[in-house]
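S.K.: need a structure here:
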Amino acid sequence: MNVWLCALVLVLGTSSQAQQPPPRTEVVLDAKSSGKLAVAVAPPTVAGVDEATVNRDFLEVLKLDVEDSGPFALLKSAKLPKTTDPSSLKAWAEAGTEWLVATKISRSGSDQVLVALQVSDAKAGKPIYSKNYSGQDNLLRRMAHAVADDLVARLTGERGVAGTRIVMVKQVTREVKEIFQVDRDGAALIPLTRHGSLTISPTVAPDGKLAYITYKGGAPEIWGQKKAGTPHVKLYPVGTQPLGQCSAPAWSPDGKRLAFVQSDRRGNSDIMVLDLDLGRVRRLTDSNCINTEPSWNPAGTQIAFTSDREGGPQVYLMEDDGSNVRRLTSEGNYNASPAWSPNGAMIAYVSRFEGKFDLFVHKLGEGKAYQITTGLASSESPSWSPDERKLVFVSARGGGMQLYTTDLSGNQLRRVFEATGCQSPKWTRSR
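M.R.: Below you'll find the model as predicted:
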């Protein structure tokens, strides 16, 4: 749970008086594909490259990517054919294969590897497409991700998310948290900040720019990048010190504005918007309550946020100028942490019941909310996958706060990796 959601718990109380659980509807929200295509991934033909390395860094990674992609079902039968030549396609089809993925991996230089991909329609008995990938030996994992993402793009028209990354906060020591980045499958954990302080609340712009809150100077400040790939600088406050503390930054879709929260000495907080080019701040809310956790819609015209203006925290919507405020959530006494989906049709959030949080998704077109997670441990801080098929979140269900992903049915729950002390994940294609 992020710092301001913790603050909401403290300020608004932890009483569980006569709460009724929000309704749970068993439904798969993923409307992009109702069925799954049966895909078989044959062992690669290997020449000049260590076969054990290929199996570990390419074949197993590709299988996991295909299985976790959403539109595919990976065939795992031990009775699958052993060859992939055209004459074997009938046997593959009889074994249940719809698409056959065959690869040849060979040495193309002293430290270069070539992956030749051939995808065939087993039932039609003909090739669908082929493609070559090349890179250094240590990039086999990335090439496997690229193959999986191209398979999804070929089927759905939208690139998959195997090669995407998750930006998050991770506990380093008792008093230090930093921003880290990890591949979607839990590999390649790398630090993005090294402030040696409390550094939290990351947000990633569509072009890859990072922003976050850090206490490295004492009071919380917004730091980040004005352009992707450039050094981190202080983004706010600019000039004179603000009257209150700032928190919860959120990039606008065009990467030109930052919504954030600023508190006053009375314990109230309001949502502001910083125009990076002009260095100008505009207040969007102005009330004697807590307004926090802004989340932009994909068009950059509306903001979802959490507010206790009517008592307990609920999710509200407003235009990007602060007008037309209306309440979104209606079931449950405690709803927070809104996250707007990439196509703008849904908003994920958390709802508390009997002392724990679960993930819900509100479909704006239907005006209905669907429960995604259940269990004894809380599920917190949802963030959408770029293809909108899954959510990443944090939960202590495995002991300590860890990263998990789930599909929108809640049935395909997967722990990303074993590290604990994680919070505030953001799933991104741009880094």
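S.K.: when you work out contacts or count neighbours from here on, use the C-alpha atoms and nothing else.
M.R.: Will do.
S.K.: which residues touch Ala396?
M.R.: Counting by C-alpha atoms under 8 Å, 6 or more residues apart in numbering, Ala396 makes contact with 377-379, 402.
S.K.: quick one: the residue of the chain positioned farthest from its centre and His362, what's the gap?
M.R.: Distance from the C-alpha centroid of the chain, by C-alpha atoms, centre = their mean, peaks at Ser87 (42.0 Å). According to C-alpha to C-alpha, to the nearest Å, Ser87 stands 49 Å off from His362.
S.K.: buried ones in the longest helix seen in the chain, by neighbour count?
M.R.: Scanning the chain for the longest helix, with DSSP state H as the assignment, gives helix 140-156. Buried positions in helix 140-156, judged by neighbour count with 16 or more other C-alpha atoms under 10 Å: 140-152.
S.K.: what about it, distance to the chain center?
M.R.: Taking the mean of its C-alpha atoms, helix 140-156 sits 18 Å from the chain's own mean (C-alpha atoms, centre = their mean, to the nearest Å).
S.K.: with stretch 199-213 instead?
M.R.: 13 Å.
S.K.: one more: stretch 331-342?
M.R.: Once both centres are worked out by C-alpha atoms, centre = their mean, stretch 331-342 turns out to sit 16 Å from its chain's centre.
S.K.: could you do stretch 227-240 as well?
M.R.: The chain centroid and the centroid of stretch 227-240 are separated by 24 Å, computed with C-alpha atoms, centre = their mean.
S.K.: so Lys90 sits in a helix?
M.R.: Yes. Per DSSP: H, G, I helix; E, B strand; the rest coil, Lys90 lies within a helix segment.
S.K.: low-confidence regions, the stretch 1-150 of the chain specifically.
M.R.: Applying pLDDT under 70 to the stretch 1-150 of the chain picks out residues 1-34.
S.K.: could you pull out the helices for it?
M.R.: Taking DSSP state H, counting those that start in this stretch to define them, one finds helices in the stretch 1-150 of the chain at 3-12, 51-54, 60-67, 89-94, 140-156.
S.K.: in the shortest one, which residues are buried?
M.R.: Of the residues in helix 51-54, those scored as buried under the neighbour-count criterion (16+ other C-alpha under 10 Å) are Val54.
S.K.: residues touching that helix, excluding its own?
M.R.: Residues from elsewhere that reach helix 51-54, judged by C-alpha under 8 Å, 6+ apart: 46, 140.
S.K.: keeping just the C-alphas, turn it into PDB.
M.R.: Output of helix 51-54 as PDB, limited to C-alpha atoms (Å, rounded to 0.1, in the frame of the first residue of the first chain):
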ATOM      1  CA  GLU A  51      22.200 -26.300 -25.900                       C
ATOM      2  CA  ALA A  52      21.600 -26.000 -22.100                       C
ATOM      3  CA  THR A  53      21.800 -22.200 -22.400                       C
ATOM      4  CA  VAL A  54      19.300 -22.200 -25.200                       C
END
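S.K.: show me how far that helix is from its chain's centre.
M.R.: From the chain centre to the centre of helix 51-54 is a distance of 30 Å (C-alpha atoms, centre = their mean).
S.K.: again with the fourth one
M.R.: Mean-position distance between helix 89-94 and its chain equals 37 Å (C-alpha atoms, centre = their mean).
S.K.: for Gly375, give me its contacts.
M.R.: Gly375 sits next to Arg397 when contact means C-alpha under 8 Å, 6+ apart.
S.K.: does anything pack onto the longest helix of the chain? Which helices or strands?
M.R.: Contact here means 3 or more C-alpha pairs under 8 Å, 6 or more residues apart in numbering; DSSP states H and E; on that basis helix 140-156 packs against helix 60-67, strand 112-121, strand 126-136.
S.K.: between the ones you listed, which one is closest to Trp340.
M.R.: Across those, Trp340 has its closest neighbour in helix 60-67 (24.9 Å, C-alpha to C-alpha).
S.K.: for the contacts of Ala396, could you give me TSV that also reports pLDDT?
M.R.: As requested, the contacts of Ala396 are exported to TSV (pLDDT from 0 to 100):
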residue	pLDDT
Ala377	92
Ser378	95
Ser379	97
Gln402	97
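S.K.: related to what we said a few turns ago, for Thr103, find the nearest of the helices of the stretch 1-150 of the chain.
M.R.: Using C-alpha to C-alpha, the helices of the stretch 1-150 of the chain put helix 140-156 closest to Thr103, at 9.9 Å.
S.K.: for Val41, see how far away the residue farthest from the centre of the chain is.
M.R.: According to C-alpha to C-alpha, Ser87 and Val41 sit 17 Å apart.
S.K.: okay, and the beta partners of the residue nearest to Arg107 when sequence neighbours are not counted?
M.R.: Closest residue to Arg107 apart from its sequence neighbours, by C-alpha to C-alpha, 6 or more residues apart in numbering: Val113 at 4.8 Å. With DSSP bridges as the criterion, Val113 is bridged to Arg107, Gly135.
S.K.: hmm, Val113 is touching Arg141, no?
M.R.: No. Val113 is beyond contact range of Arg141, at 11.7 Å (criterion: C-alpha atoms under 8 Å).
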